[in-house]
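Chemist: sequence below, structure please.
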Amino acid sequence: MENRNNVTEFILLGLSQNKKVRMLCFLFFLLCYLTIWLGNLVIMISITCSQLTNQPIYFFLSYLALLDLFYTSTVTPKLMADLLTERKITSYKNCMTLFTTHFFGGIEVFILTGMAYDQYVAICKPLHYAIIMNRQRCNSILLASCAGGLLHSLGLLLLTIFLPFCGPNEIGHYFCDVYPLLKLACTKTDKIGFLVIANSGLMGMVIFVVLMASYVMIMYNLRAYSAESRHKALSTCSSHITVVILFFVPVIFIYIRPTTTLPEDKVFTLFYTIIFPMLNPLIYTLRNVEMKNAIRKVWCNQMFVEGKQMI
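Modeler: Below is the predicted model:
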């Protein structure tokens, strides 16, 4: 495959050429990365070690937290390492494997859809909720999400892996994404660009509209509930809506337009590759009483047991 290309490695231009700016960015992203690991691990352990693991919404949330760790780890460590070096080089093969970002990101999209479906069934069909959202159905949604993420990333990989690259080899980004690679290909990429829009932009737009429509229906049906039940449901739904908007809006901005790259793309990409996984744990815990109680019980009990053992 490399015989078809004159390019065997790519140079990533990164976020900035200014050394002081790069050092500040390194410290900021290091803090973000540590926060991502700490926050998502706390959520995973708290759900697994409590009764929340039996509830579908938290079953999905634990896997969403796990995926956040995988998802951001495909980009953030390489980004931080490149911020400390002047010359940021990645091989052709490594550039292609970075499409794992789209694999994990695709799974997250479909899990968020599964969580919205769970909320819809819980609010709009409460009498049938236990039957519809059984563990077998939850596992099926999880497997379907993995299959959807695989098809999404595989489609993007097949669209780019056979492209010829004959120079230049400088990617105006901090990781190997689709549009920057299409810009470097020494062939016409208009048709491929439309396929990328269909695979990422239109898919993201359709799912976003469906999710928003489902939450409009949920809000409408909440009128029949008591004030206490409405407050509990709204706290969960508002957290989910916030996560959906933070993830989908930057993705749609980048992938819904024709093949082109803008200076703002790097900032928007940071939102859904680093900022989004960092804010997820905060969003899902700050307004969620059940999640806060589970964290308090699991971790306070653990500290209490350790304290008794020391005595």
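
Chemist: run through the helices of the protein in chain order.
Modeler: Assigned by DSSP state H, the helices in the chain fall at 19-48, 56-73, 76-83, 92-97, 100-124, 129-132, 135-161, 178-184, 190-196, 203-221, 227-255, 265-270, 276-286, 289-310.

Chemist: against V209, how distant is F10?
Modeler: To V209, F10 is 35 Å away according to Cβ to Cβ, to the nearest Å. The way it works is simple: take the backbone N, C-alpha and C, and place the C-beta from them, glycine included.

Chemist: the more surrounded of those two?
Modeler: F10 (23 against 11; other Cβ atoms under 10 Å).

Chemist: find the nearest non-adjacent residue to the most centrally placed residue in the chain, please.
Modeler: Nearest to the centroid of the C-alpha atoms of the chain, with distances taken as Cα atoms, centre = their mean, sits G105, at 4.5 Å. Of all residues not flanking G105 in the chain, Y71 sits nearest, at 5.8 Å (Cβ to Cβ, 6 or more residues apart in numbering).

Chemist: next, the contact list for L182, please.
Modeler: With contact taken as Cβ atoms under 8 Å, 6 or more residues apart in numbering, L182 is in contact with 160, 163, 189, 192-193, 196, 259.

Chemist: among those, show me the least confident.
Modeler: When the contacts of L182 are sorted by pLDDT, the bottom entry is T259 at 68.

Chemist: which one is I241 nearest to, not counting chain neighbours?
Modeler: Nearest to I241 is Y215, by Cβ to Cβ, 6+ apart, at 5.7 Å.

Chemist: just give the number of residues close to that neighbour.
Modeler: Y215 has 19 nearby residues by other Cβ under 10 Å.

Chemist: repeat that for S235.
Modeler: 16.

Chemist: state the distance from it to M219.
Modeler: Distance, S235 to M219, using Cβ to Cβ: 13 Å.

Chemist: and the residue nearest to Y92 when sequence neighbours are not counted, its phi and psi?
Modeler: Spatial nearest neighbour of Y92, excluding adjacent residues (Cβ to Cβ, 6+ apart): T8 at 5.2 Å. T8 adopts backbone torsions of phi -110, psi -10, taken as degrees, to the nearest 10.

Chemist: oh, and call the first residue 12 from now on, that's how I've got it
Modeler: Yes, from this point I'll number from 12; that puts the last item at T19.

Chemist: and T19, how many neighbours does it have?
Modeler: For T19, using other Cβ under 10 Å, the count is 11.

Chemist: what of M230?
Modeler: So M230, with other Cβ under 10 Å, has 15 neighbours.

Chemist: just checking, it touches S249?
Modeler: No: using Cβ atoms under 8 Å, M230 is not in contact with S249, being 10.0 Å away.

Chemist: dump the residue contacts of T296.
Modeler: 54, 302-303, 306.

Chemist: farthest-separated two in the residues you listed?
Modeler: I54 and K303 (11.2 Å; Cβ to Cβ).

Chemist: for the two, indicate the residue with more neighbours.
Modeler: Each of I54 and K303 has its neighbours counted (other Cβ under 10 Å); I54 has more, 25 against 14.

Chemist: and the more buried one, how far is that from L233?
Modeler: From I54 across to L233, the span is 25 Å (Cβ to Cβ).

Chemist: need the contact list for the residue nearest to the centre of the chain.
Modeler: 82, 160, 262, 283.

Chemist: most neighbours, which of those residues?
Modeler: Y82 (26 neighbours).

Chemist: gap between V18 and V120?
Modeler: V18 is 31 Å from V120, by Cβ to Cβ.

Chemist: more neighbours, those two?
Modeler: V120 (23 against 18).

Chemist: mind listing what the closest residue to the more buried one other than its chain neighbours touches?
Modeler: Nearest non-adjacent residue to V120, counting by Cβ to Cβ, 6+ apart: I218, 6.1 Å away. If you count contacts by Cβ under 8 Å, 6+ apart, I218 has them with 120, 124, 259.
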